[in-house]
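**Student:** sequence first, predicted model second:
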Amino acid sequence: MAQEAPGAGALLSILRDGQARTKAELVQLTGLARSTVSQRLDALLSKRWVVPAQDAIASGGRPATAFSFNRAARVVLTADLGATHDRLAVTDLGTNVLAERTADVSIDRGPEATLGWLVEAFTELLTETGYGLADVCGVGVGLPGPVEHASGRPVNPPIMPGWDGFPVPEWLGARLGVPVLVDNDVNIMALGEHWAAHPETDHLIYVKIGTGIGCGIISDRRLHRGAQGAAGDIGHIRVPNGEHVSCRCGNTGCLEAIAGGAALAAALDGATGSRDVVTLVRGGNLQAIQLVRQAGREIGTVLASIVNFFNPATVVLGGAIAEAGEHVLAGVREVVYSRSLPLATQHLRIQAGELGDRAGVIGAAVMVVEHVLARVD
Ligand SMILES: [Zn+2]
């Protein structure tokens, strides 16, 4: 059976890197007939997904028109919802943030109250950009718990009472009238860091060290979610010498119960959460610095095994605790470089994230843009 020629979305996927290309270049890159490329380009031009580029590129003496992806054609609404801290953004198709807002809305208010607030906040934020609801091509939401990606429904999220199985995409979609994609927060952060800071890296592990600990896995430049969307949940891997420490999951000795922000805060006077730990570290509190560095070593113990197993080129550390400076990074490096196999660490880079708090909203935009572009015809 003849394979169907890739649609217009395939051209957009190529042009999405921002580089303008001529028709001849697109013919060469896609292997499609020139007439097919012309047809697809006409369709894309009429819907303004693509615009003629400013600079014509000379080819064989005659200037040829180049085409570029129109990042301003549509906008994306994105939200990175945390346990108590949220970030919302409107981005263009190049994931540039056009408007953003942070809020402290507790997710334990339940899905309808939280999402109702989100629809209102999105509407206000959109107004700031001058775009309307008709310009929105999709919504991307990150949630602080396990999400079955295919259905976009949270699955037994430990810190989100009332959310288990709630149809988030349908609920938001009915109110906003566009496709809604939902994933867990760590996965979208991994997408964001990969897209913005490591687009040429094939295999990457993103570790979020916040109140809890989790990781997002980029394999062959794609997010690896696993069979049920639970891949990367490293916070509940058992670490040595932790038998006496109970975890909120019901087990003992979990990485998160020993090295997560909540555990660190509990061990420090005057700290109630990750942010307090960071403040103490930045203020030079010696006990806090030692704790954070030791947490880095504990995380490094788990990562050393993961590096052996998965052989990533880059490990990126993000989340509030990772942003406390070099201490976590130093602890992680110390253990990973000494415990992982030489071949796996030969070119391994372990570094801090570059997007900070914005990794989630930018990654959610990446998720939506990829989904939408793949379906353009
Ligand atoms: Zn646990």
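**Tutor:** Sure, I can see it.

**Student:** and stretch 303-314, what's buried?
**Tutor:** 303-304, 306-307, 310, 312, 314 (16 or more other CB atoms under 10 Å). Backbone N, C-alpha and C define where each C-beta goes, glycine included.

**Student:** briefly note if the top helix by length along the chain comes near the ion.
**Tutor:** If you go by DSSP state H, the chain has its longest helix at helix 286-310. No. Taking CB under 5 Å from the ion as the criterion, helix 286-310 and the ion are apart, separated by no less than 12.3 Å.

**Student:** so how far is stretch 71-80 off the chain centroid?
**Tutor:** Its chain's C-alpha centre lies 14 Å from the corresponding centre of stretch 71-80 when counted by CA atoms, centre = their mean, to the nearest Å.

**Student:** swap in stretch 39-46?
**Tutor:** 31 Å.

**Student:** got the CA positions of that stretch in PDB?
**Tutor:** This file holds the C-alpha atoms of stretch 39-46, laid out as PDB (Å, rounded to 0.1, in the frame of the first residue of the first chain):
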ATOM      1  CA  GLN A  39      -0.300  23.100  -3.200                       C
ATOM      2  CA  ARG A  40       0.500  22.700   0.500                       C
ATOM      3  CA  LEU A  41       2.300  26.100   0.600                       C
ATOM      4  CA  ASP A  42      -0.800  27.800  -1.000                       C
ATOM      5  CA  ALA A  43      -3.000  26.300   1.700                       C
ATOM      6  CA  LEU A  44      -0.600  27.400   4.400                       C
ATOM      7  CA  LEU A  45      -0.300  30.900   3.000                       C
ATOM      8  CA  SER A  46      -4.100  31.300   2.700                       C
END
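
**Student:** list the contacts of that stretch.
**Tutor:** For stretch 39-46, contacts defined as CB atoms under 8 Å, 6 or more residues apart in numbering pick out 7-8, 11-12, 23, 26, 32, 50-52, 67, 376-377.

**Student:** do that again at 10 Å, thanks
**Tutor:** Taking contacts as CB atoms under 10 Å, 6 or more residues apart in numbering, the residues outside stretch 39-46 that touch it are 5-12, 15, 23, 26, 30, 32-33, 49-52, 65, 67, 69-70, 73, 376-377.

**Student:** from residue 273, how far off is the residue of the stretch 51-200 of the chain found nearest the ion?
**Tutor:** Relative to the ion, the nearest point of the stretch 51-200 of the chain is residue 158 (9.1 Å; CB to the ion). Distance, residue 158 to residue 273, using CB to CB, to the nearest Å: 16 Å.
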